[in-house]
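> One predicted model, sequence on top.
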Amino acid sequence: MKRIFVAATLAASLVATAAVAATLPSLARFSYVGSLTVTDKSSPIAGVHHFYANAAAKKALSKGGPFPVGAEFRGRLYEAEQNEFGVVAGKIKLTTVMKKDPAAADTGGWAFSVVTPDGKSPKLDVKTACFQCHQKAQATDFVFSKALP
Ligand code: HEC
């Protein structure tokens with residue numbers, strides 16, 4: 001009886017994991033470019049971030065910008081969880097997106113957006129929620145990440 005219960009629980013958690021994976025923007029054509037961990041819970045960017053670039057963004061990143069139309073970065077944002085060894089990524093909170101698009105003139109030519117784990121894109125005032133801070137990276141076309149050595 002106990003075995004059946006364990007198997008059923010495992011099956012349910014596999015289904016749940018697969019359901020989340022299906023609604024997350026894919027990273028299949030993206031390369032890892034870096035991470036940021038913010039443990040201050042009052043920060044607007046609290047959590048563990050892993051950042052990824054598509055081929056166009058990665059190429060331009062190696063030159064420190066500027067970035068061509070079509071360049072795209074994605075960030076996976078997880079809850080920051082403290083364990084006995086350090087801070088690790090917990091539950092996924094959001095995928096953040098920056099896509100080079102000349103139509104996004106108000107935000108440095110980058111279209112900023114977020115995708116929740118259930119695949120929804122809530123409307124955001126990205127000028128204040130994202131661009132105000134990314135403006136600090138104006139010298140590198142509003143991109144903070146550096147090419148990995
Ligand atoms: C308080 C400052 C701050 C805010 C607000 C902020 N970011 Fe960032 N963002 C950063 C920093 C810092 C990094 C890069 C960390 C590193 O790897 O050096 C970053 C990195 C990124 C990256 C990877 C490309 C890059 O610039 O390195 C994406 C994509 C991104 N942010 C999207 C967003 C989106 C979308 C929002 C709004 C919902 C947002 N960010 C709001 C500070 C911020």
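Noted; the coordinates are in hand.

> Can you confirm whether the longest strand along the chain lies near the ligand?
For the chain, the strand with the greatest residue count under DSSP state E is strand 87-100. Yes - Strand 87-100 lies within reach of the ligand by CB under 6 Å from any ligand atom, at T96, V97, M98. Where you see a C-beta, it was placed from the backbone N, CA and C, and this is true even at glycine.

> on contacts alone, who are the packing partners of that strand?
Of the remaining helices and strands, those touching strand 87-100 by 3 or more CB pairs under 8 Å, 6 or more residues apart in numbering; DSSP states H and E are strand 47-53, strand 72-82, strand 110-115.

> which residues touch the shortest one?
Contact with strand 110-115 is made by 23-25, 94-101, 103-104, 121-122, 124, 126, 129-131, 134, 142, as judged by CB atoms under 8 Å, 6 or more residues apart in numbering.

> interface residues of this structure facing the ligand?
34, 36, 44-45, 51, 73-75, 96-98, 112, 114, 124, 126, 129-130, 133-134, 143-145.

> helix/strand/coil for G64?
Secondary structure for G64, judged by DSSP: H, G, I helix; E, B strand; the rest coil, is coil.

> go on, A60?
helix.

> neighbours around the residue nearest to it when sequence neighbours are not counted, how many?
Counting by CB to CB, 6 or more residues apart in numbering, A60 lies nearest to F67, which is 4.5 Å off, once chain neighbours are set aside. Neighbours of F67 under the rule other CB atoms under 10 Å: 24.

> repeat for K41
So K41, with other CB under 10 Å, has 9 neighbours.

> And it, how far from A89?
K41 is 15 Å from A89, where distance means CB to CB, to the nearest Å.

> just checking, G75 touches H49?
Yes - under the criterion of CB atoms under 8 Å, G75 is in contact with H49, at a separation of 5.0 Å.

> quick one: common contacting residues for the two?
T96.

> Identify the spatial nearest neighbour of the residue sitting nearest the centre point of the chain, chain neighbours not counted.
With distances taken as CA atoms, centre = their mean, the residue of the chain nearest its centroid is G75 (1.4 Å). Residue nearest to G75 in three dimensions, not counting chain neighbours: T96, with 4.0 Å by CB to CB, 6+ apart.
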